[in-house]
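> here is my input; please provide its structure:
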Amino acid sequence: MLQELTRRDLRAALDTLHTIGEASASVDGFARHGVASLRHLVSGELTTLSICNLETGHRSVVSDVPGAIAKRQIEAFDHHFHEHPLVLAHGRNPRAETRRISDLLRPAEFQRTALFNDYYRPIRIDHAMAVPIHVDRTCLVSFVFNRSKRDFADRDRACLEAIRPHLGTLYRLSREMDGARAAWGVPSGGQNPPGGEPLTARERDVLQWLANGKTDRDIAQILAISPRTVHKHLQRIYEKLGVENRTAAVMRALSVAA
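As a prediction, this is how the structure comes out:
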């Protein structure tokens, strides 16, 4: 049973979710901003977005500490892939929830495994917690938090579990937008919503960079305007496209491009 969150904890979790959502116009943006934002919600030595191929037993990661996992350790993880307690608990499990390794194995028992001695001990990690955001027959996608010495608290698990379903939705939407861009290309600056009020030239610029997966701050730097001005342009774009958020705006723009 999950610990009940305080109002402050819930606000922190929702603010983190909002920050990630603002950068989720592409899988790359979702991954990079996800690991950067979540590490402030739940601290640790290493936070990753882990994409596991359940058929090949290979994992790819996006890390908040580039180079923290050497090639030798990556190979060690893959060697013990099918023995990993979190992979066993979450893989092909549509009801998978946030779990710590210590929820599945006693610490002393885990530290006797080959997985721990070949992978976790060399990178100086004692505890791990995974947040499964997408699970299907062949793929397991999780945010993974790693710590030395101190295990994750019930509060940490509860904060992440509260937003886990929404993180999954953002991941799938960002993947769909990447697929749409690959199939249709990025909308050109000359396109406008059919039957609606035309976008201005600057609004088309903002929408184009938004469709390219850029954040508000990125767009502000590219166009040499303030983030507040970008936000105002986005509000006008939403009104003209008849949508309520950036994700819907990008999907609408891509559908027009088709």
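> from here on, contacts and neighbour counts on C-alpha atoms
Fine.
> and this protein, what are its domains?
Each domain of the chain is listed here as a residue range: 7-175, 185-257, per automatic domain parsing.
> nearest spatial neighbour of Lys240, skipping sequence neighbours?
Spatial nearest neighbour of Lys240, chain neighbours left out: Glu197 (5.8 Å); criterion: Cα to Cα, 6 or more residues apart in numbering.
> let's have the domains of the chain in CSV, adding mean pLDDT and mean neighbour count.
Compiled in CSV, the domains of the chain are given as follows (pLDDT from 0 to 100; neighbours: other Cα atoms under 10 Å):
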stretch, mean pLDDT, mean neighbour count
domain 7-175, 94, 18
domain 185-257, 77, 17
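> the residue nearest to Lys240 contacts Gly242, correct?
No - with contact defined as Cα atoms under 8 Å, Glu197 does not count as touching Gly242 (10.2 Å).
> before we move on, the earlier item: from Ala211, how far out is the residue nearest to Lys240?
Computed as Cα to Cα, to the nearest Å, the Glu197 to Ala211 distance reads 20 Å.
> what helices and strands are in contact with the helix or strand harbouring Met129?
Here Met129 sits within strand 127-135, counting by DSSP states H and E. Applying 3 or more Cα pairs under 8 Å, 6 or more residues apart in numbering; DSSP states H and E, one finds that strand 127-135 contacts helix 85-90, strand 99-100, helix 101-104, strand 139-147, helix 154-184.
> identify all contacting residues around that strand.
Residues from elsewhere that reach strand 127-135, judged by Cα atoms under 8 Å, 6 or more residues apart in numbering: 86, 90-94, 96-102, 140-152, 157, 160-161, 164-165, 167-169, 171-172.
> now His134. Nearest residue, chain neighbours left out?
His134's closest residue in space is Val141 (Cα to Cα, 6+ apart), at 5.0 Å.
> all good on my end, thank you.
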